[in-house]
Structure formats: C-alpha cells, structure tokens
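A.B. asks: how would this look folded up:
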Amino acid sequence: MLVDPPAVCCAVPRCPVVTLGTVSSTSSLAEPSTNRRPPSIDDTGPLTTPGEHRIRPTELEAQSNVRAVLELCVAGRLRCSEKTGRPGSSTVGTVASHLANGDFYSAEPIAAFAWPLLLQAGGLAKNNAGRLELTAKGRAALSKPAADVIRGLWQRWLTHGVIDEFSRIEEIKGQRSRNALSAVRPRRGTVGRALADCLPMDGWIGIDALFASMRRAGLNPSVHRSEMALWKLYLGDAQYGSLGYDGCHRWELLEGRYTLAVLFEYAAPLGLIDVEYVHPSGERDDFRDNWGGDWIGALSRYDGLQAIRLTALGRYALGLRDEYQPTATGEGGTLKVLSNLDIVATGTPTKADELQLSAFAERTADRVWAVSAKSLLSAMDAGRDPAEFATFLDGRADTGLPGTMQTLFHDVAHRAGRLTDLGHARVIECADPTVAAHLANDRTLRGLCRPLGERHLAVPLEAEPRFRTGLRRLGYVMPGSLA
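C.D. replies: Take a look at the predicted model:
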C-alpha cells in the first residue's frame with residue numbers, strides 16, 4: 001500500500017537540530033564531517049576526480065559572482081532558450097569561466113547553470129530573442145550592495161523560479177507525464193523554511209541529519225502529485241523501475257533529492273550556505289534496491305553534498321537578521337588609479353572586477369586599463385552610469401581618486417547632460433509655411449507636434465494616431481499607412 005508523506009505544515013516550529021562537526025561560524029574552513037577523506041589542499045577550486053573532498057566557503061565568492069554575471073549580461077554574453085529559459089552550453093561555459101574559484105565540479109555545471117536562471121527569476125534580466133538583457137531593476141542592481149541583490153534574488157526565486165528544479169534529477173524518468181509532479185512553488189517554500197528553521201545558527205549539519213530534522217518538523221517538499229502519480233515516475237524502465245511499488249519511493253529519493261537540488265544549485269551559489277562535498281558517484285545508496293538502481297553511479301549530480309553551514313549572508317537573505325555585516329573582502333586597495341588616468345591592478349583582479357573595468361576603460365596591458373572621455377561615453381551609450389564606476393574605483397583605490405580622474409568624471413557627466421532623448425518621431429513635410437503654421441498652431445494639434453523649420457513638423461510616434469484624427473478634422477490627410 002502506498003502512503004503519502006506527512007502534510008506540509010503552514011506554521012512550522014523551530015526544527016529539532018542534529019548537528020555534525022559544529023564549528024565557529026567565524027572560521028574560514030571547518031573540519032570535515034567524515035574522516036575517510038581529508039580535504040584537498042585547494043579547498044576552493046572545482047572538484048575534478050572521485051576521491052577528492054571539498055569544504056567550500058561561498059559567502060564572499062557569491063558576492064563577486066553576482067557582479068560578474070550582471071556584467072556578462074550587460075555585455076550580451078548570456079543566451080538562454082526562449083521557450084524554457086535554460087542557458088545553452090556555451091553560456092554555461094562562459095559563466096563558469098568567470099566564477100570566482102570556478103564551479104563546484106569541473107565537468108558538471110551547477111552554479112554556472114543556476115546563475116542565468118536566477119537573473120531571470122529575480123527580474124534582473126529578460127530574455128530578448130534568446131539573449132538576456134538587463135532590466136531597469138538589473139541596471140540598478142549594478143550599483144547596489146551585492147548582499148542586498150542576493151537577498152532579493154533568493155526571495156523572488158522562491159516564487160518566480162524559471163524551471164522545476166526536480167527536472168535536473170534526470171535519472172528519474174516520467175516527469176513530463178501528465179499530473180506526475182506537484183506544483184513547484186510550495187516545494188521551494190518548504191525548503192526555504194527548512195533552511196531558516198532546521199539549520200543551527202553556528203556550525204555544520206550533515207545532510208541526513210537535515211533530512212531527519214525536516215521530516216520531524218513536517219517539512220516535506222512533496223514531489224509527486226498523488227499516489228497514482230508515483231507509478232508514472234521510474235528508473236530505467238517504466239514498468240519494472242516504477243517508483244509506485246512499495247519501498248521504491250523513499251523520502252530520500254524524491255523529497256530528499258529535490259532538497260539537495262535546491263541547496264546545491266541555488267542556496268550555495270547565492271552564498272547562503274557553505275558546503276562540504278565529494279564526487280557524487282557512489283556516495284548515496286538509497287536507490288540501490290530499486291530496479292535499475294545498480295546501473296546508475298549516482299541518482300543526481302547533487303549526491304556528493306555531505307554537510308552544509310548557514311552563512312551570515314544566508315541569515316540575512318532568509319530574514320533571520322535585519323542587517324548584514326560584510327565580511328572583510330580584502331578588495332580595498334587592490335587598484336592604483338594614476339594621474340594619467342591609467343588604472344593598475346596591484347594584485348590579481350577578480351573576474352567581476354575585470355569585467356567592470358573593461359566596461360568603462362580600455363585594457364592596455366595584462367593588469368592596466370586606460371580611462372578616457374571616449375571610454376566613459378561609450379559606456380554611457382551602452383546604458384552604464386559613470387557614477388557607478390567612480391564609486392567602484394573609490395572603494396578599490398589605495399589612495400583615492402586623483403584630481404585628473406575626478407575632473408574627467410565631472411566633464412563627462414556635464415557633456416552627457418547637454419542632450420536629451422525625446423524619443424522617435426515622424427517628420428511631416430508641408431506644401432508651404434502657411435500650412436505648417438496652421439497645423440502647428442491648431443488648438444488640438446499643437447500639443448501633438450513640434451515645428452522643424454518653416455515647412456516641417458515632428459510628430460512623436462505615440463501621438464501619430466491622434467494627430468491623423470486631428471488632420472482629418474481640419475480637412476487634411478497624411479498619405480501612407482499608420483506606423
């Protein structure tokens with residue numbers, strides 16, 4: 001007999017917490033939660049082979065990465081399917097190459113796949129003919145504190161996610177069957193509440209301990225729509241591998257895997273949690289008793305996640321703290337701004353910093369950029385604000401901005417303010433100045449057009465239908481169809 005998982009509670013008490021390897025939240029790295037694999041020397045780069053072990057702090061790199069992907073979007077380098085919103089393989093590769101410390105795995109995109117989806121879900125980017133473009137909200141995010149941008153992304157993603165995260169568990173087939181899966185929005189909210197209620201404020205919690213805490217609290221992100229829907233989901237073969245059989249739909253297979261997907265592909269890239277992980281192959285055996293399970297190395301790309309720890313940024317994004325106290329980033333004093341308008345990186349700049357410098361200045365050497373009126377005006381023509389760049393430089397420069405740079409910013413801002421874009425208009429040529437004056441001074445038409453010389457009128461495109469109506473009232477008609 002099939003049994004539904006416990007119902008999800010609307011009002012959830014604080015979960016009983018089972019912690020694993022509890023450490024101070026101020027330490028950069030914790031002791032691993034297992035003793036069979038010590039962490040490798042390079043604890044921040046992508047994991048490449050089985051047997052490696054990572055403990056990955058994510059808080060600082062997430063704040064760098066959100067700036068990087070916004071800059072990539074400005075540069076028009078992010079492409080996603082118009083139908084599904086998913087990023088293409090080339091876009092995933094582009095994002096991965098610009099992430100601080102790379103993705104979690106070298107051959108399996110997780111963070112690089114999630115970031116374009118997060119921009120869309122957060123309303124920071126829109127899909128225009130397959131290419132992501134920043135919205136007004138996204139352009140404003142370029143000059144906002146990264147922590148505030150991430151908090152907004154997480155909160156909006158919970159209700160506006162682009163895809164069903166469970167679709168990334170490709171080994172479980174039949175997901176596209178009619179009425180197979182439950183609504184995704186409540187599932188996201190359930191995992192979000194688990195992050196807020198089931199994690200210790202200070203220290204690590206193992207994944208299995210987290211699962212146990214969620215189940216005790218009734219936090220079940222139920223994936224299947226009904227008992228009958230379970231029969232539509234399967235491993236390998238729709239008949240023999242169906243998850244509808246007794247004992248073949250354990251909590252860890254469905255609700256657990258969905259939780260892992262949210263934690264590893266969204267919460268971790270956003271810097272809400274630090275992660276301890278290994279290669280996914282062979283790390284979880286909870287599906288081995290299912291028909292077809294012996295032929296699968298890992299049920300999902302997330303099976304290697306071992307333990308997680310809530311970060312200060314996570315507490316802020318989840319609403320557990322009203323303010324975020326930034327961790328020292330070491331970014332101050334990383335640039336030297338010279339009086340000849342050159343910018344020299346005194347260390348190795350982050351990918352995000354390189355993208356922002358290249359948006360406003362011309363790269364002339366490996367670590368040198370030249371700022372000019374031409375480069376700033378080109379950036380403004382692309383929709384960027386030089387004030388944003390000035391704030392960026394002021395925060396990175398070791399001795400502040402020299403007078404020559406401040407003067408350049410002032411002059412460019414003054415020039416830009418001399419012109420105003422009034423939009424597109426249709427130019428109408430009249431037979432003689434008398435007709436032009438008659439139309440331009442008519443009580444109805446004078447607010448719909450503007451004289452250009454003696455015989456021409458400029459009509460804004462949005463006013464053209466009313467202008468044509470007014471012309472007919474006066475006994476005139478404008479040849480040509482309405483634009």
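A.B. asks: and the helices in the stretch 101-250 of the chain?
C.D. replies: Secondary structure of the stretch 101-250 of the chain, counting by DSSP state H, counting those that start in this stretch: helices at 111-121, 136-141, 146-160, 184-198, 207-216, 227-230.
A.B. asks: got JSON lines for these, with mean pLDDT too?
C.D. replies: Listed next are these as JSON lines, based on pLDDT from 0 to 100:
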{"stretch": "helix 111-121", "mean pLDDT": "98"}
{"stretch": "helix 136-141", "mean pLDDT": "94"}
{"stretch": "helix 146-160", "mean pLDDT": "97"}
{"stretch": "helix 184-198", "mean pLDDT": "97"}
{"stretch": "helix 207-216", "mean pLDDT": "97"}
{"stretch": "helix 227-230", "mean pLDDT": "95"}
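A.B. asks: contact partners for the residue nearest to the spatial centre of the chain?
C.D. replies: Per C-alpha atoms, centre = their mean, the C-alpha nearest to the average position across the chain is that of residue 118, at 3.1 Å. By C-beta atoms under 8 Å, 6 or more residues apart in numbering, residue 118 lies in contact with 153, 157, 266, 269-270. Yep, even glycine has a C-beta here, placed from its N, CA and C like the rest.
A.B. asks: tell me where the stretch 151-300 of the chain has strands.
C.D. replies: 172-173, 204-206, 234-235, 273-278 (DSSP state E, counting those that start in this stretch).
A.B. asks: give the pairing partners of the last one; include direction for each.
C.D. replies: In the sheet, strand 273-278 lines up against strand 53-56 (antiparallel), strand 305-310 (antiparallel) (DSSP bridges).
A.B. asks: so which of those strands is the most surrounded?
C.D. replies: strand 305-310 (a mean of 26; mean count of other C-beta atoms under 10 Å).
A.B. asks: let's have the strands paired with strand 273-278 in a markdown table, adding mean pLDDT.
C.D. replies: As requested, those are arranged in a markdown table below (pLDDT from 0 to 100):
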| stretch | mean pLDDT |
| --- | --- |
| strand 53-56 | 94 |
| strand 305-310 | 98 |
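A.B. asks: which stretch among these comes nearest residue 361?
C.D. replies: strand 53-56 (32.2 Å; C-beta to C-beta).
A.B. asks: show me how far that closest one is from its chain's centre.
C.D. replies: The chain centre lies 23 Å from the centre of strand 53-56; the measure is C-alpha atoms, centre = their mean, to the nearest Å.
A.B. asks: where does pLDDT dip in the chain?
C.D. replies: 1-44, 328-333, 481-483 (pLDDT under 70).
A.B. asks: tell me the secondary structure at the nearest residue to residue 464 once chain neighbours are set aside.
C.D. replies: Leaving out its chain neighbours, the residue that sits closest to residue 464 by C-beta to C-beta, 6 or more residues apart in numbering is residue 426, at 6.0 Å. Of the three states, residue 426 takes strand under DSSP: H, G, I helix; E, B strand; the rest coil.
A.B. asks: looks like residue 426 contacts residue 462 (just checking).
C.D. replies: No. If you go by C-beta atoms under 8 Å, residue 426 and residue 462 don't touch, sitting 10.6 Å apart.
A.B. asks: which one of those two has more residues nearby?
C.D. replies: Set side by side, residue 426 and residue 462 show more neighbours around residue 426, with 16 against 11, by other C-beta atoms under 10 Å.
A.B. asks: for that one, give me its contacts.
C.D. replies: For residue 426, the contacting residues are 458-459, 461, 464, 483, by C-beta under 8 Å, 6+ apart.
A.B. asks: count of residues packed around residue 286?
C.D. replies: For residue 286, using other C-beta under 10 Å, the count is 16.
A.B. asks: report the separation between the residue nearest to it when sequence neighbours are not counted and residue 294.
C.D. replies: Excluding the flanking residues, the one nearest residue 286 by C-beta to C-beta, 6+ apart is residue 252, at 4.4 Å. Using C-beta to C-beta, to the nearest Å, residue 252 is found at 17 Å from residue 294.
A.B. asks: okay, these two: which has more neighbours?
C.D. replies: Each of residue 252 and residue 294 has its neighbours counted (other C-beta under 10 Å); residue 252 has more, 18 against 10.
A.B. asks: from residue 207, how far off is the more buried one?
C.D. replies: Residue 252 sits 9 Å away from residue 207, taking C-beta to C-beta as the criterion.
A.B. asks: next, count neighbours for the residue nearest to residue 388 when sequence neighbours are not counted.
C.D. replies: In space, and not counting its chain neighbours, residue 388 is closest to residue 143: 4.4 Å by C-beta to C-beta, 6+ apart. By other C-beta under 10 Å, 14 other residues sit near residue 143.
A.B. asks: identify the residues contacting residue 143.
C.D. replies: So residue 143 contacts 385, 387-388, 391 (C-beta under 8 Å, 6+ apart).
A.B. asks: quick one: residue 349 and residue 64, what's the gap?
C.D. replies: Counting by C-beta to C-beta, the gap from residue 349 to residue 64 is 10 Å.
A.B. asks: next one: residue 343
C.D. replies: From residue 343 over to residue 64 (counting by C-beta to C-beta), the distance is 18 Å.
A.B. asks: and for residue 57?
C.D. replies: On the measure of C-beta to C-beta, residue 57 and residue 64 end up 12 Å apart.
A.B. asks: distance check, the residue nearest to residue 388 against residue 391.
C.D. replies: From residue 143 over to residue 391 the distance is 7 Å, taken as C-beta to C-beta.
A.B. asks: what is the burial count for residue 275?
C.D. replies: Per other C-beta under 10 Å, the neighbour tally for residue 275 reads 23.
A.B. asks: residue contacts, it?
C.D. replies: Counted by C-beta under 8 Å, 6+ apart, residue 275 has contacts 54-56, 58, 104, 263-264, 268, 305, 307-308.
A.B. asks: phi, psi of the closest residue to residue 237 other than its chain neighbours?
C.D. replies: Among residues not flanking residue 237 along the chain, residue 292 sits closest, at 6.3 Å (C-beta to C-beta, 6+ apart). Taking degrees, to the nearest 10, you get phi 90, psi -10 for the backbone angles of residue 292.
A.B. asks: residues near residue 292, how many?
C.D. replies: So residue 292, with other C-beta under 10 Å, has 16 neighbours.
A.B. asks: alright, I will stop here.
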